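Fold the following, please.
(2 chains)
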Amino acid sequence: MLNQIATIVADGVLLGLIYAIAGVGLSLVLGIMGIVNVAHSAFIMLGSFFAFELFRRLGVDPIISFFLAFPVFFAAGIVVYRLLITRVELAPQTQGLVAMFGLMVLLESIGTIAWTTDTRVITASYTNTATLIGPVVLANVKVIAGALALVLIVSLWAFLRFTLTGRAIRAMGQDRSAAMSVGVNVRQLSAIMFGLGIACAGSAGVALGMVFPFSPNTQILWLAWAFLVVILGGLGNVGNTLIAGLVVGLIQTGVAAFMPFDYVYLVLYVLLAVILVARREGLSRAVRRGI
Amino acid sequence: MTISAPRLQVTNVVAGYIPGHPILRGVNLKAEPGRITVILGPNGAGKSTLLKVISGFLPPESGTVHLADSDVSALPPHRHIEHGIAVLPQGRSVFPELSVIENIELGGWTMRSDRKRLREAVEAMLVRYPHLRPLRDRAAGSLSGGQQRAVEIARLLVPNPSVLLIDEPSVGLSPIVAHQVYQELVSLKDEGRTILLVDQDVRAAIGVADYVYVLNSGKNDVEGDRTAFEGDLGAMVRGWLGV
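Numbers count the residues shown, from 1 in each chain, chains lettered A, B, ... in the order given. Below you'll find the predicted structure:
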């Protein structure tokens, strides 16, 4: 029994790390820029296919794709910011939401045209192997994806916490006018922030694609998971997003070990409803824009 | 420390938030270096709007803002500090979740390519305001109103601006702290800076003013040096209130 619990916990932590990077970009863009980027999961889906195509066509290992995805999707995020977000960021939030919804539908449609709705998997050399650590059995692919997620989350946290640019991004989220007064070009930093959010989505897509089967349609499922993590963890807070991801991962593995899988969703969304009723700001009281 | 500051000149500025409905209707003023120029007026006179125009947050529909010979009317807000114009906005403007030292460091955002100079400038602020040193790692939002204002002023001064635009500096402060803030403005003036002060606290503002402009309904009303306004301030305010 203890061995089983240890395996459930380890598995839950690894899944939680992956869910955390699925949510962290969404959380930061929403918390710092106030943009409800419902297209976030479409970029996660594109990240999975990015790794899939690099692996299928060029034999590039998904671990390398994880790091390649970051600059590629960062650049894509900058382009989206310049072409789309600049036109809606100061408009009422519903207008931005509609624009992002349109982008999500567009990207999913492009995904369906390019890859159909067939489910794909990335089968790397370590995909179907496991490691025994004492009594705990761990799927290697989850260990690798979880470690990559942890590296990304810690790097993002350190960037926002310790660099002057990161602090300026946080400052912009707290008082945009005051940030402008000290000389911060908020348009430029917003582009960087949005690019970082999309870069996180792209890399998250690679990590998710390593572990789970995917198709263009699965992005809707990931959007629900990402929002679950964000609502649970609060806005713009890397640390709380990580904790929320871990909670979701542990609940998923814990519930799935003792009950049919369908109960996972029931338990998670009941938990979410309870949190929203009890503490409307998620796990942390000081959620907005803390890092 | 003496600073060679430029004159700030506003000429025939018309500006507002809705096209065709200007708040400012042809305002003119000059703020000279080494002096505190105060803008007074009743609510809705356009005082804060004028500061927004000068600081680039509200582009004028017509008219110009010159700093010495440079036209800064069309500069976006984040470019003003490059020209030595710094703004202390109305109300709290610290970044509440950043620490005191992070707030002050961000004041030197435009100096970020020269980290040594930035570090020295931040240290100079901790020397100038030693009471902030023990608070350096505290979240700025957790400080008292007076401490937050000190953080804002320290952050303002990191890039050593020559022109200071100050909007309602005493709002929400205790009388003692407000008095300290006004005394600090006098010190900053004595360093040679050009200071433009917008204030509702007529008595305190005139107490530190070298020259006073009164706006009414978005236009210049009366102006003069401090002595011209030191008489019956109550009558002036009652006039604004229409009582």
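
For my notes, confirm residue A:260 occurs in a helix.
No. Using DSSP: H, G, I helix; E, B strand; the rest coil, the assignment for residue A:260 is coil, not a helix.

for it, what are its contacts?
For residue A:260, the contact set (CB atoms under 8 Å, 6 or more residues apart in numbering or on different chains) is empty. To be clear about C-beta, it is placed using only N, CA and C from the backbone, and glycine gets the same treatment.

Output the below-cut-off pLDDT ranges for the chain.
Here I'm looking at chain A. Along chain A, segments meeting pLDDT under 70 span A:279-291.

Please refer instead to chain B.
Applying pLDDT under 70 to chain B flags the ranges B:1, B:232-235, B:238-243.

give me the element the spatially most central residue of it is part of.
Among the residues of chain B, the one closest to the centroid is residue B:166, at 1.5 Å (CA atoms, centre = their mean). Using DSSP states H and E, residue B:166 sits in strand B:163-167.

Tell me the gap between the following helix or strand past that strand and the middle of its chain.
Downstream of strand B:163-167, the first helix or strand assigned by DSSP H and E is helix B:175-190. Helix B:175-190 has its C-alpha centroid displaced from the chain centroid by 13 Å (CA atoms, centre = their mean, to the nearest Å).

Would you mind naming what in chain B lies close to chain A?
Within chain B, the positions near chain A by CB under 8 Å from any CB of the partner chain are B:55, B:57, B:76-82, B:86-87, B:89, B:93-98, B:102-103, B:105-107, B:109-110, B:112, B:155, B:159.

Could you rerun that using 6 Å?
B:77-78, B:81, B:87, B:93, B:95-97, B:102, B:106-107, B:109-110, B:112 (CB under 6 Å from any CB of the partner chain).

about what we covered before: tell me who's in contact with the residue nearest to the centre of chain B.
With contacts defined as CB atoms under 6 Å, 6 or more residues apart in numbering or on different chains, the neighbours of residue B:166 are B:88, B:197.

That one bridge partners, please.
With DSSP bridges applied, residue B:166 shows beta-bridge pairing to residue B:88, residue B:197.

count of neighbours near residue B:60?
23 (other CB atoms under 10 Å in any protein chain shown).

just to revisit the earlier point, so can I have JSON lines of the residues of chain B next to chain A showing neighbour count and secondary structure?
Putting the residues of chain B next to chain A into JSON lines (neighbours: other CB atoms under 10 Å in any protein chain shown; DSSP: H, G, I helix; E, B strand; the rest coil) gives the following:
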{"residue": "B:77", "neighbour count": "22", "secondary structure": "helix"}
{"residue": "B:78", "neighbour count": "21", "secondary structure": "helix"}
{"residue": "B:81", "neighbour count": "26", "secondary structure": "helix"}
{"residue": "B:87", "neighbour count": "27", "secondary structure": "strand"}
{"residue": "B:93", "neighbour count": "25", "secondary structure": "coil"}
{"residue": "B:95", "neighbour count": "26", "secondary structure": "coil"}
{"residue": "B:96", "neighbour count": "19", "secondary structure": "coil"}
{"residue": "B:97", "neighbour count": "21", "secondary structure": "coil"}
{"residue": "B:102", "neighbour count": "21", "secondary structure": "helix"}
{"residue": "B:106", "neighbour count": "25", "secondary structure": "helix"}
{"residue": "B:107", "neighbour count": "27", "secondary structure": "coil"}
{"residue": "B:109", "neighbour count": "24", "secondary structure": "helix"}
{"residue": "B:110", "neighbour count": "17", "secondary structure": "helix"}
{"residue": "B:112", "neighbour count": "16", "secondary structure": "coil"}
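
any chance of those in JSON lines, plus distance to residue B:177?
Shown next, in JSON lines, are the residues of chain B next to chain A (distance: CB to CB, whole Å):
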{"residue": "B:77", "distance to residue B:177": "28"}
{"residue": "B:78", "distance to residue B:177": "30"}
{"residue": "B:81", "distance to residue B:177": "26"}
{"residue": "B:87", "distance to residue B:177": "20"}
{"residue": "B:93", "distance to residue B:177": "16"}
{"residue": "B:95", "distance to residue B:177": "20"}
{"residue": "B:96", "distance to residue B:177": "19"}
{"residue": "B:97", "distance to residue B:177": "23"}
{"residue": "B:102", "distance to residue B:177": "23"}
{"residue": "B:106", "distance to residue B:177": "23"}
{"residue": "B:107", "distance to residue B:177": "20"}
{"residue": "B:109", "distance to residue B:177": "27"}
{"residue": "B:110", "distance to residue B:177": "29"}
{"residue": "B:112", "distance to residue B:177": "31"}
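
out of those, who's nearest residue A:27?
Checking the residues of chain B next to chain A against residue A:27 with CB to CB, the nearest one is residue B:97 at 15.0 Å.

Could you find the closest non-adjacent residue to residue A:71?
Nearest non-adjacent residue to residue A:71, counting by CB to CB, 6 or more residues apart in numbering or on different chains: residue A:199, 7.2 Å away.

which strands and helices sit next to the helix or strand containing the one you found?
Using DSSP H and E, residue A:199 falls within helix A:186-211. In this structure, helix A:186-211 packs against helix A:2-28, helix A:40-58, helix A:62-80, helix A:140-162, helix A:164-174, helix A:176-181, with contacts taken as 3 or more CB pairs under 6 Å, 6 or more residues apart in numbering or on different chains; DSSP states H and E.

got those helices as JSON lines, with mean neighbour count and distance to residue B:61 columns?
Listed next are the helices and strands packed on helix A:186-211 as JSON lines, based on neighbours: other CB atoms under 10 Å in any protein chain shown; distance: least, CB to CB, whole Å:
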{"stretch": "helix A:2-28", "mean neighbour count": "23", "distance to residue B:61": "37"}
{"stretch": "helix A:40-58", "mean neighbour count": "23", "distance to residue B:61": "40"}
{"stretch": "helix A:62-80", "mean neighbour count": "20", "distance to residue B:61": "33"}
{"stretch": "helix A:140-162", "mean neighbour count": "19", "distance to residue B:61": "39"}
{"stretch": "helix A:164-174", "mean neighbour count": "23", "distance to residue B:61": "28"}
{"stretch": "helix A:176-181", "mean neighbour count": "22", "distance to residue B:61": "21"}
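
So for residue A:123, which of the ones you listed sits nearest?
Checking the helices and strands packed on helix A:186-211 against residue A:123 by CB to CB gives helix A:40-58 as the closest, at 8.4 Å.

Compute the inter-axis angle for the closest one and helix A:62-80.
Orientation of helix A:40-58 against helix A:62-80 (axes from the mean of the first three to the mean of the last three CA atoms, to 10 degrees) gives an angle of 130 degrees.

And the contacts of helix A:40-58?
Contacts with helix A:40-58, where a contact means CB under 6 Å, 6+ apart, come from A:26, A:60, A:62, A:65, A:69, A:104, A:107-108, A:111, A:115, A:120, A:122, A:198, A:201-202, A:204-206, A:209, A:214, A:216, A:219, A:222-223, A:226.
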